[in-house]
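Enquirer: Structure of the sequence below:
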Amino acid sequence: MKPLGPIPEGFRSKEGILQVDSQDVWGLVAEAGGTPLFVYSRAMIADRVARLRAALPERVALHYAIKANPFSPLLHAMSELVDGFDVASGGELQKLVELDIAASRISFAGPGKRDAELTAAIAAGVTINLESEGEAERALRLADEAGIRPRLAIRVNPDFDLKGSGMKMGGGAKPFGVDAERVPVLARRIAEAGAEWRGFHIFAGSQAISADAIIETQAQTLTLAARLTQESGLPLPHLNLGGGFGIPYFPGDTPLDLAAVGAALAERMDDLPVELADTDFCLELGRYLVGEAGVYLTTVIDRKVSHGEVFLVVDGGMHHQLAASGNFGTVVRRNYPVAIATRFDAPVEEEASVVGCLCTPLDRLAEKGGFPRAEPGDIVAVFCAGAYGATASPMQFLGQGPAREMLV
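Expert: Here you go, the predicted model:
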């Protein structure tokens, strides 16, 4: 049998049935009208934010990167929990505008911003994290044409990356941000053009569960920000320290030591370079806030045996959970945390693979895992489904369409 990933803390069962915030999966599926279904726990998200607040220095604000999960009810709940939001497209910006999120709480990063997106961001009054000199010139021109003073920051491509991160966003040649050595000149250009100078966004990588790696990267980020501030000759009103906090997905993964990260950052904050004395700081987190608070529920449609191997065929699949299938950036396929939600406390009886309804051998949600015997009608739960599930998967593949979503 191949091991399954660790089920996040916070999930319980009652009479053998998985509960999400004290509601059993049968009731949740009935309320939603069926499966496949993403369920997000408001209580688990609030608890994660509370733990972060307790561990981090008070001076460090929390921003939610909505790319992780832009479900509108979840965004509304987040508006009461976090200090700011980070978007990566005009579509994400529009979602926040429709929810009446104040522009002062929003920043916009991402390469390839179209003129229409820049124009909308300038009109809304959000901070634009510029990814290149060319983007800066376009933003300045569009703002001048609109007669609006834009709020501009620079996304920096640092000289380092986040060790052990799932996706490296900095260091070397990257499509993200302005190479560090070119930042001071661009910062002066922005200020001289009359824009409101908003500082730096330095994001080195994502999905790291090593506290040591994050501590080292945060120290390097503060040092780099101080140096660039000195070289530019401008004050630094705001520094987005990035994020990169990861969650355990696979067998052997362990949770990030948040206390260690918070203590190290507090120590740094107590001894900041003079260039950063009056700077406001934030952490930009996505999956760390919502990833473990989501579960994907899908119903067993068929139980079949082929050459002695058991396959549980479900009504969901990789079109909703691309990452769990192993087709979203992983080199070696490993199992996510998966369980039979309707037999949650039952002992392991057999080796089985959970496969989706798509006509491709890539559609596997669990491979040769140990499960209690499941039959058609049972519900399978894929955990760690709160981030990069519904919107990062090819939901229209083979005409399947989106899954249902609900916040409880």
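Enquirer: C-alpha only now, for contacts and for neighbours.
Expert: Will do.
Enquirer: What count of nearby residues applies to residue 91?
Expert: Neighbours of residue 91 under the rule other CA atoms under 10 Å: 11.
Enquirer: For it, give me its contacts.
Expert: Shown in contact with residue 91 (CA atoms under 8 Å, 6 or more residues apart in numbering): no residues.
Enquirer: Low-confidence regions, the stretch 51-200 of the chain specifically.
Expert: Within the stretch 51-200 of the chain, the segments meeting pLDDT under 70 span 161-172, 174.
Enquirer: where along it do the strands fall?
Expert: Ranges of strands in the stretch 51-200 of the chain, per DSSP state E, counting those that start in this stretch, are 60-65, 84-87, 106-108, 127-130, 151-157, 167-168, 178-179, 196-202.
Enquirer: so what secondary structure elements neighbour the third one?
Expert: Judged by 3 or more CA pairs under 8 Å, 6 or more residues apart in numbering; DSSP states H and E, the packing partners of strand 106-108 are strand 84-87, strand 127-130.
Enquirer: so who does residue 123 touch?
Expert: Counting by CA under 8 Å, 6+ apart, residue 123 touches residue 148.
Enquirer: about what we covered before: residue 388 is nearest to which of the helices and strands packed on strand 106-108?
Expert: For the helices and strands packed on strand 106-108, proximity to residue 388 was assessed by CA to CA; strand 84-87 is nearest, at 14.3 Å.
Enquirer: C-alpha coordinates for the closest one, CSV please?
Expert: C-alpha atoms of strand 84-87 as CSV (Å, rounded to 0.1, in the frame of the first residue of the first chain):
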residue,chain,number,x,y,z
GLY,A,84,-5.6,43.4,3.2
PHE,A,85,-6.0,41.5,0.0
ASP,A,86,-3.6,40.8,-2.9
VAL,A,87,-4.9,40.2,-6.4
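Enquirer: Can you give the contact residues for stretch 211-227?
Expert: Outside stretch 211-227, the residues touching it (CA under 8 Å, 6+ apart) are 158, 160-164, 200, 202, 204, 208, 239, 241, 244-245, 256-258, 260-261, 264-265, 268, 273, 275-276.
Enquirer: rewinding a little: could you dump the helices and strands packed on strand 106-108 to CSV with distance to residue 64 and mean neighbour count?
Expert: Shown next, in CSV, are the helices and strands packed on strand 106-108 (distance: least, CA to CA, whole Å; neighbours: other CA atoms under 10 Å):
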stretch, distance to residue 64, mean neighbour count
strand 84-87, 5, 24
strand 127-130, 15, 27
